[in-house]
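Q: sequence and computational prediction follow.
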Amino acid sequence: MSFSLFKATAKSNLVIFLIFFAVLLMYMIIMLGMYDPETMDAMNLYVEALPQGMMEAFGYDIPVTNLITFMAVYFYGFLVIMFPLIYCIILANRLVAVLVDRGSMAYLLATPNTRAKIITTQGLYLAFSVSLLLALTAAIGIGASESMFPGAMDIPAFIKLNLVTITLTLAISSICFFFSCTFNESKFSLAFGGGIPILFFIINMLNNIGGDNEWLKYLSLYSLFDANAIVAGEQGLIAVCLPFAAITIVLYCLGIVIFSKRNLYL
Amino acid sequence: MDDFTNHSKQKRIPWIGGDYLGELSNSVPHGRGILTLTDGTRYAGGWKEGKPHGRGTVNYPSGGIYKGEIKEGKRDGYGNYTGPDGKTAYGLWEQGKFVISLEELQRGEPKAKLAKPKDVIRIESLSFVYRSGKGIFDLNFSVGQGEAFGFLGPNGAGKTTTIRNLLGFTRPTKGNCLINDLDCWRDAALIQHDLGYLPGEITFFDEITGTQFLNLIASMRGDGEKQRRKSLLERFELDPTGRIRRMSKGMKQKLGIVTAFMHDPAVYVLDEPTSGLDPLMQNEFVELVLEEKERGKTFLMSSHNFEETYRTCDRAGIIREGQLVAVEDVHSLKSSQRKTYLVTLARPEEIEYLRSAGLDLGKISKNTVEVVVKDNYDQFTAALAGCRVIGLDVVTQGLEQLFLKYYGQEGLSW
């Protein structure tokens, strides 16, 4: 890894990071603000106002009884999947494919650093910033829920939920990174690196609706993630994380290898 | 200290007080890397059994810099040495001793003692074919140490394709290219220690300032030297403090030139270096190239402008549709180039006089005639002296018209 490049990359992508962090925080605070431990009525009214299909698509059709389930269902079931997904797509594309497409990668490769080293640096930044985004959101989530509803949050379960979310998002980022390393033009990188995870996301929503679409779940990575089941302790941490971690490692490594060996028309 | 026994690549380890970055075997640096010794001496290059070996750069703590061949830790071969006093001597070194300078070499003194300067850039049967079937085909040429080689061709002829192979961006379909005896594909990263590259298309990281960009590249090179960068910025009157996005095309080009030159490399590969520069800055660039050449630097410069190549280069290769059609001395190219002058005469009848004087006439309109001149300037001026000339203009032409000999008739249709 090139530390100089890592610093420069972090600096030039700081604004995007801050925007996504701010959006996640905003939603988290709004969500927490909606929680009323005494009567869940207000929230239930809001949810019932939604059409049945949309409720199911968002995964909001699970009875909420406490703060952790509330967060798992309303925040981690949908928003914490969607925003980091968009973040991964944008950032992975910017870190590799855009540099190759626009030609500025030529300057980096004209320094005495191997391609593998340069691309590993970019990959590490992607993985690092995705993890940091979610870890910071989680940390502030714990702080906020403790100050708003002291003692109401099941912190160990919340941390577990976040660990799974981070590994899931890393797996998504690895898909984006892999395609960003593979294509010369950023439009193809976006089409595949963005298209496939978004397809997973849509399949997941269709799958939540149920019906005859049960087989669809085998087509989406998100089917392996059930925030509610994790919180309820129905899914073991390692069993859930293992496939995500495997995908992450394989796709990051493949991306690095492909980038090191392919022709770059810079 | 267990790290010494590992065969670890590209790993930074402390070694007798210095930092070694490279491959390790048998507890001692072996392979290629950079190492700072306890006395402050810094080597960048090949290592064999714990000693510098092969081509590399030595930065002495006393202030001198040696660039060249190193054998068993001793300076050996052709190289460039800048002493602590700031004076630079380029020439042959043997066992750490200076044998003969470039000046003596040029005066033709004990030439017998010396072998031919080695070829720094070697392109051997190089082919790179795109899916469309276009590309470069079986190129063969080499550039010697201290030589400037011009790579001439119209847009799309294959200049940039060749340069991509030299930089290791693409893998040759067939054949290979070498810089300093290192394979351009396999050893791409290592070659960059001593290579200055200017891309043909200037695209930087828009969101940062010029200074931040130069700092990034310098730190990725592990190069703390700022003096040369400063003098280059002054020379090209470039203020790098603004955001690159706000810079004009000319400023970006200058920034690219500074990036390519600031680490004082031994070899330069420049893709259309003067595009976007105003004539004053083009002159500054030409002077810089000539100075660097004096210091023994090797250049490969692509261009679609012969005049610019003529001013800086010793030899030039002409490329057409991916084939190298000629490699010649620039002076002989100069004499084979065809130039068209637009001559306006006071009386239209005089056009016939020019024809009878044996000049090659082109299009005629009223009293204006195109005259094609190759190496017959005497004949041209003598004929003009016999008429009343009221206007004389040179017609701007592409390479194809200038070098009809190499491009042939179909070249005109481009």
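A: That came through, no problem. Residues are numbered from 1 along each chain as shown, chains lettered A, B, ... in the order given.
Q: next secondary structure after the helix or strand that contains A:Thr121?
A: Assigned by DSSP states H and E, A:Thr121 belongs to helix A:115-148. Sequence order places helix A:155-182 as the next helix or strand after helix A:115-148, per DSSP H and E.
Q: measure how that next one sits relative to helix A:115-148, angle-wise.
A: Orientation check (axes from the mean of the first three to the mean of the last three Cα atoms, to 10 degrees): helix A:155-182 against helix A:115-148 gives 150 degrees.
Q: quick one: mean pLDDT for helix A:155-182?
A: Computed over helix A:155-182, the mean pLDDT rounds to 94.
Q: follow-up on the earlier one: for the helix holding A:Thr121, name the packing helices and strands.
A: Packing contacts for helix A:115-148, counted by 3 or more Cβ pairs under 8 Å, 6 or more residues apart in numbering or on different chains; DSSP states H and E, involve helix A:3-12, helix A:14-34, helix A:67-71, helix A:80-92, helix A:105-109, helix A:155-182, helix A:237-261, helix B:188-191. Bear in mind the C-beta positions are built from the backbone N, C-alpha and C, glycine included.
Q: next, the buried residues of that helix.
A: Of the residues in helix A:115-148, A:115-127, A:129-130, A:133-134, A:137-138, A:141, A:144-145 count as buried by neighbour count, 16 or more other Cβ atoms under 10 Å in any protein chain shown.
Q: ok, stretch A:93-109 next?
A: A:93-109.
Q: got the contact list for the residue of the stretch 301-414 of chain B found nearest chain A?
A: Residue of the stretch 301-414 of chain B nearest chain A, by Cβ to the nearest Cβ: B:Ser302 (14.4 Å). Taking Cβ atoms under 8 Å, 6 or more residues apart in numbering or on different chains, we find B:Ser302 in contact with B:Gly150, B:Phe151, B:Leu152, B:Gly153, B:Lys159, B:Thr160, B:Thr162, B:Ile163, B:Gly200, B:Leu270, B:Asp271, B:Glu272.
Q: any idea how far the fifth one is from A:Leu264?
A: Plainly put, B:Lys159 is 17 Å away from A:Leu264 if you go by Cβ to Cβ, to the nearest Å.
Q: more neighbours, those two?
A: A count of neighbours by other Cβ atoms under 10 Å in any protein chain shown puts B:Lys159 above the other of B:Lys159 and A:Leu264, at 24 against 18.
Q: how about that one, phi and psi?
A: Dihedral angles phi and psi of B:Lys159 (degrees, to the nearest 10) take the values phi -60, psi -50.
Q: neighbours of A:Met54, how many?
A: 12.
Q: I'd like the average pLDDT over the host helix or strand of it.
A: In this structure, A:Met54 sits in helix A:52-58 according to DSSP H and E. Averaged across helix A:52-58, the pLDDT comes to 71.
Q: now for that helix, which elements pack on it?
A: Other helices and strands packing on helix A:52-58, by 3+ Cβ pairs under 8 Å, 6+ apart, are helix A:186-209.
Q: switch to 10 Å and redo it
A: With contacts taken as 3 or more Cβ pairs under 10 Å, 6 or more residues apart in numbering or on different chains; DSSP states H and E, helix A:52-58 sits against helix A:41-49, helix A:186-209.
Q: buried sites along the longest one?
A: Looking back up the chat, that one is helix A:186-209. The neighbour-count check on helix A:186-209 (16+ other Cβ under 10 Å) flags A:186, A:188-190, A:192-194, A:196-197, A:200-201, A:203-209 as buried.
Q: send me that helix as CSV with only the CA atoms.
A: Output of helix A:186-209 as CSV, limited to C-alpha atoms (Å, rounded to 0.1, in the frame of the first residue of the first chain):
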residue,chain,number,x,y,z
SER,A,186,-16.5,4.1,-16.3
LYS,A,187,-19.9,3.7,-17.9
PHE,A,188,-19.4,-0.1,-18.1
SER,A,189,-18.0,-0.1,-14.6
LEU,A,190,-21.2,1.7,-13.4
ALA,A,191,-23.5,-0.5,-15.5
PHE,A,192,-22.1,-3.8,-13.9
GLY,A,193,-20.7,-2.6,-10.6
GLY,A,194,-23.8,-0.6,-9.9
GLY,A,195,-26.3,-2.7,-11.8
ILE,A,196,-25.7,-6.0,-10.1
PRO,A,197,-25.9,-4.7,-6.5
ILE,A,198,-29.0,-2.7,-7.4
LEU,A,199,-30.6,-5.7,-8.9
PHE,A,200,-29.9,-7.6,-5.7
PHE,A,201,-31.5,-4.8,-3.8
ILE,A,202,-34.7,-4.9,-6.0
ILE,A,203,-34.9,-8.7,-5.9
ASN,A,204,-34.7,-8.4,-2.1
MET,A,205,-37.6,-6.0,-2.1
LEU,A,206,-39.7,-8.3,-4.4
ASN,A,207,-38.8,-11.2,-2.3
ASN,A,208,-40.1,-9.5,0.9
ILE,A,209,-43.5,-9.2,-0.8
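Q: and the angle from it to helix A:237-261?
A: Going by the same axes, to 10 degrees, helix A:186-209 makes 160 degrees with helix A:237-261.
Q: C-terminal to helix A:186-209, what's the next element?
A: Counting by DSSP H and E, the next helix or strand C-terminal to helix A:186-209 is helix A:227-231.
Q: averaged pLDDT, that following helix. What do you get?
A: Confidence for helix A:227-231, expressed as mean pLDDT, is 80.
Q: return the residues in contact with the residue in the stretch 251-400 of chain B that chain A sits nearest to.
A: When distances are taken as Cβ to the nearest Cβ, the stretch 251-400 of chain B reaches nearest to chain A at B:Thr259, 6.7 Å away. Residues near B:Thr259 by Cβ atoms under 10 Å, 6 or more residues apart in numbering or on different chains: A:107, A:110-111, B:196-199, B:204, B:210, B:213-214, B:216-218, B:229, B:232.
Q: please consider this matter closed, and thank you.
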